[in-house]
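# no letters, just coordinates:
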């Protein structure tokens, strides 16, 4: 399957820096990390989400199939709602984290960045009669708007009434005479919205949105996600890592009678944990994944993922530690640097105290 590229790449700001994330080429930065982060946390940022594959589940048994392959309950998901769920393998490890869009005749699954090929293969491996699994990525483009004033951009760009939709609401609407799918959902903790637009109209919408918002690339988005403890699956999941170890149990409905990976999740809930994930900050050097965490010279864990936080002006990341040490307020040593463990969110989003007018 070919690597995903943006249908609006020609309209990206000059000088954008690109990189490969799993099966997608994405804009890592359009300008600078500081400027894009500031747009997300203080104003409004425009996101090109073309690295996220759009997969349609349709047919008479589409909802039953979704119940089987999604870790959260979607039996009563209507065409006016969306939600986030994990997709698990039989051993309980994470295949992907998806946004599920309710539709009248089935569902749309939005993969995480670059993980669409793996997700599609997993779905097809569990395919059943009565379900059609169709990759719609080539037909659409997906854009996001996130930031404490993203609601104002929605009003100027599409319709002011859409800005105040309840969280995880979905509306079929129009932009400039074009049918689009609009949802209130995001990943940074700020006000978030997404627009799914036919590919032939994508560049026109992107260019218009640039008049009102600052484009932000993958680096700024993933930093903002980490700051509010939104999982970034490609950094946090892995062989032998269950959802509890990741700290992603909130994306699983353990009360569901059946779903792929349920037995392993139940065993993890009922078993004795060996490791848990906790946030940390400290120092200016960003430690690599696998860097040892020590206390008094004794290794107790390792770094999972870390970045430089513009908001905290220090390194910020995740550690895997024994459960009794995976708590906030502890001083530990990462490599040669003292760090402090944190409770999430590590940065408080401005949107939490900024009302939609």
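Now that the structure is in, tell me what you want to look at. This one's a predicted model, so the numbers in the text were calculated from it and none came from an experiment.
# tell me which stretches of this protein form helices.
Along the chain, counting by DSSP state H, helices occupy 33-42, 62-69, 116-125, 150-157, 202-209, 218-227, 233-236, 243-246, 262-270.
# now those as TSV including distance to residue 49, mean pLDDT and mean neighbour count?
(C-beta placed from N, C-alpha, C; glycine too.) Shown next, in TSV, are these (distance: least, C-beta to C-beta, whole Å; pLDDT from 0 to 100; neighbours: other C-beta atoms under 10 Å):
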stretch	distance to residue 49	mean pLDDT	mean neighbour count
helix 33-42	14	98	21
helix 62-69	21	96	20
helix 116-125	11	97	18
helix 150-157	14	96	22
helix 202-209	11	97	18
helix 218-227	9	98	24
helix 233-236	15	94	20
helix 243-246	22	91	23
helix 262-270	28	92	15
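# make JSON lines out of these and add distance to residue 299.
Below are those laid out as JSON lines (distance: least, C-beta to C-beta, whole Å):
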{"stretch": "helix 33-42", "distance to residue 299": "32"}
{"stretch": "helix 62-69", "distance to residue 299": "38"}
{"stretch": "helix 116-125", "distance to residue 299": "32"}
{"stretch": "helix 150-157", "distance to residue 299": "43"}
{"stretch": "helix 202-209", "distance to residue 299": "48"}
{"stretch": "helix 218-227", "distance to residue 299": "24"}
{"stretch": "helix 233-236", "distance to residue 299": "20"}
{"stretch": "helix 243-246", "distance to residue 299": "18"}
{"stretch": "helix 262-270", "distance to residue 299": "24"}
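# what's the nearest residue to residue 307 once chain neighbours are set aside in contact with, if anything?
In space, and not counting its chain neighbours, residue 307 is closest to residue 223: 5.4 Å by C-beta to C-beta, 6 or more residues apart in numbering. With contacts defined as C-beta atoms under 8 Å, 6 or more residues apart in numbering, residue 223 is in contact with 33, 37, 307, 309-310, 316.
# 10 Å - rerun?
Neighbour list for residue 223: 33, 36-37, 40-41, 188, 216, 232, 307-311, 316, 347 [criterion: C-beta atoms under 10 Å, 6 or more residues apart in numbering].
# kindly report the same for residue 58.
Taking C-beta under 10 Å, 6+ apart, one finds 65, 103, 105-108, 131-134 in contact with residue 58.
# how far away is it from residue 64?
Computed as C-beta to C-beta, to the nearest Å, the residue 58 to residue 64 distance reads 12 Å.
# joint contacts of those two?
With C-beta under 10 Å, 6+ apart, residue 58 and residue 64 have common neighbours residue 131.
# residues contacting residue 278?
247, 293, 301, 304, 318-321, 323, 325-328, 330, 332, 341-344.
# out of these, list just those in strands.
Mapping these onto strands (DSSP state E) picks out 293, 301, 304, 318-321, 332, 341-342.
# got JSON lines for those residues, with distance to residue 267 too?
Output for the ones in strands among the contacts of residue 278, formatted as JSON lines (distance: C-beta to C-beta, whole Å):
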{"residue": "293", "distance to residue 267": "26"}
{"residue": "301", "distance to residue 267": "22"}
{"residue": "304", "distance to residue 267": "22"}
{"residue": "318", "distance to residue 267": "23"}
{"residue": "319", "distance to residue 267": "24"}
{"residue": "320", "distance to residue 267": "19"}
{"residue": "321", "distance to residue 267": "21"}
{"residue": "332", "distance to residue 267": "29"}
{"residue": "341", "distance to residue 267": "27"}
{"residue": "342", "distance to residue 267": "29"}
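# compare those residues and tell me which has the most neighbours.
Highest neighbour count within the ones in strands among the contacts of residue 278: residue 319, with 27 neighbours (other C-beta atoms under 10 Å).
# so that one versus residue 304, what's the distance?
Distance of residue 319 to residue 304, computed by C-beta to C-beta: 7 Å.
# which ones are touching residue 226?
Applying C-beta under 10 Å, 6+ apart, we find residue 226 in contact with 188, 232, 235-236, 279, 305-307, 309, 316-318, 344-347.
# ok, these vs residue 48, which is closest?
Closest approach to residue 48 among those (C-beta to C-beta): residue 188, at 14.9 Å.
# residue 186 versus the closest residue to that closest one other than its chain neighbours, what's the distance?
In space, and not counting its chain neighbours, residue 188 is closest to residue 224: 3.8 Å by C-beta to C-beta, 6+ apart. Separation of residue 224 from residue 186 (C-beta to C-beta): 9 Å.
# over to residue 47?
In this view, residue 47 and residue 186 are 9 Å apart by C-beta to C-beta.
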